[in-house]
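Asks: Any chance you can model this:
(one chain, ligands or ions: 1)
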Amino acid sequence: MSQEFVLETRGLTKEFRGFTAVDSVDLQVTEGHIHALIGPNGAGKTTVFNLLTKYLPVTRGDILYRGKSIVSMKSNEIARLGLVRSFQISAVFPHMTVLENVRVALQRPMGNSFHFWKHEKVLNQLNDRAMELLESVGLGEYADNVTVELPYGRKRALELATTLAMEPTVMLLDEPTQGMGHEDVDRVVELIRKAAKGRTVLMVEHNLSVVSKLCDKITVLARGAVLAEGDYATVSANPKVREAYMGSEHAEVQGAH
Ligand SMILES: Nc1ncnc2c1ncn2[C@@H]1O[C@H](COP(=O)(O)OP(=O)(O)OP(=O)(O)O)[C@@H](O)[C@H]1O
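Replies: Numbers count the residues shown, from 1 in each chain. Predicted coordinates:
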């Protein structure tokens, strides 16, 4: 039965010195879906991501990838399986060019990322693939720019390109539109839609308009536990969700942050 889910958690729990940040979460991510994890501040979304990628050890419960437990695997082993978290901006080398950053990401699966400066010729062979990835996120013309000089929205697009370089089967996106203006948000929504073709995406996202446009399924977390689940219409009509977001049963979920 679990085979239809590419990623699943069972009773996933994280306690920080007696405080339960993630409380018996059963998450079921269907292959090919764009699945959102939403919830008010402090609901446990980031902690769930950290558990899935083993940035944090699990207190209790299981994590399954294609039906097999990965709960005792290390972060790099999980990434090699194809469960890849988008690199945070801080993980991108700011003084390298945009193209160089993607080339470094392409080197990661080969396990020699720290020798990139020694192999200029080898790296040049990766240029074509790196350019392809940059074109796919609309950064082709920025290839030779120094990364630090990119506008914020473009940096997030670069983050997506470096994530795609890892050839993820399941891509974990942590607030991909955070801090963006409307124009960038619309562009990133299109990029995610494109990048999601042929893969599964699990994303933490505060912008509910983004969630409504992109996601097949939404899991709402509140105080570490699953509060509601379903498509956008179902979840946004749920009084418990409205209450958790706005502190009032009558408040609109749409537009909440
Ligand atoms: N390392 C830690 N030690 C102690 N408590 C933690 C730790 N990490 C998270 N928490 C607590 O766990 C709870 C869930 O935090 P988490 O960051 O996962 O929420 P979130 O839903 O991602 O919130 P936000 O939307 O604000 O990013 C919070 O109460 C937080 O203070």
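Asks: Name the residues of the chain found near the ligand, please.
Replies: With CB under 6 Å from any ligand atom as the criterion, the chain comes near the ligand at residues Phe16, Phe19, Ala21, Gly39, Asn41, Gly42, Ala43, Gly44, Lys45, Thr46, Thr47. Heads up, the C-betas are built off the backbone N, CA and C, glycines and all.
Asks: tell me, how many neighbours does the third one end up with?
Replies: Put plainly, it is Ala21. Neighbours of Ala21 under the rule other CB atoms under 10 Å: 20.
Asks: what helix or strand is Val22 on?
Replies: Using DSSP states H and E, Val22 sits in strand 19-30.
Asks: which SSE is Ala130 in?
Replies: Using DSSP H and E, Ala130 maps to helix 127-136.
Asks: so what secondary structure elements neighbour that helix?
Replies: Where contact means 3 or more CB pairs under 8 Å, 6 or more residues apart in numbering; DSSP states H and E, helix 127-136 is packed against helix 98-107, helix 152-164.
Asks: got the angle for the first one vs helix 152-164?
Replies: Think helix 98-107. Put simply, helix 98-107 runs at 30 degrees to helix 152-164, going by axes from the mean of the first three to the mean of the last three CA atoms, to 10 degrees.
Asks: Quick one: mean pLDDT for helix 98-107?
Replies: Mean pLDDT, helix 98-107: 88.
Asks: Check stretch 218-229 too.
Replies: For stretch 218-229, mean pLDDT is 96.
Asks: do the same with stretch 19-30
Replies: For stretch 19-30, mean pLDDT rounds to 97.
Asks: gap between it and the chain center?
Replies: Relative to the centre of its chain, stretch 19-30 is centred 16 Å away, using CA atoms, centre = their mean, to the nearest Å.
Asks: Just the CA coordinates for it, please, in CSV.
Replies: Written as CSV, here are the backbone C-alpha positions of stretch 19-30 (Å, rounded to 0.1, in the frame of the first residue of the first chain):
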residue,chain,number,x,y,z
PHE,A,19,8.8,20.2,24.0
THR,A,20,7.0,18.3,21.1
ALA,A,21,7.7,20.3,18.0
VAL,A,22,6.5,17.5,15.6
ASP,A,23,3.8,15.3,17.0
SER,A,24,3.0,11.9,15.5
VAL,A,25,2.8,13.2,11.9
ASP,A,26,1.7,10.8,9.2
LEU,A,27,2.5,12.4,5.9
GLN,A,28,1.8,10.7,2.6
VAL,A,29,3.3,12.2,-0.5
THR,A,30,2.0,10.8,-3.8
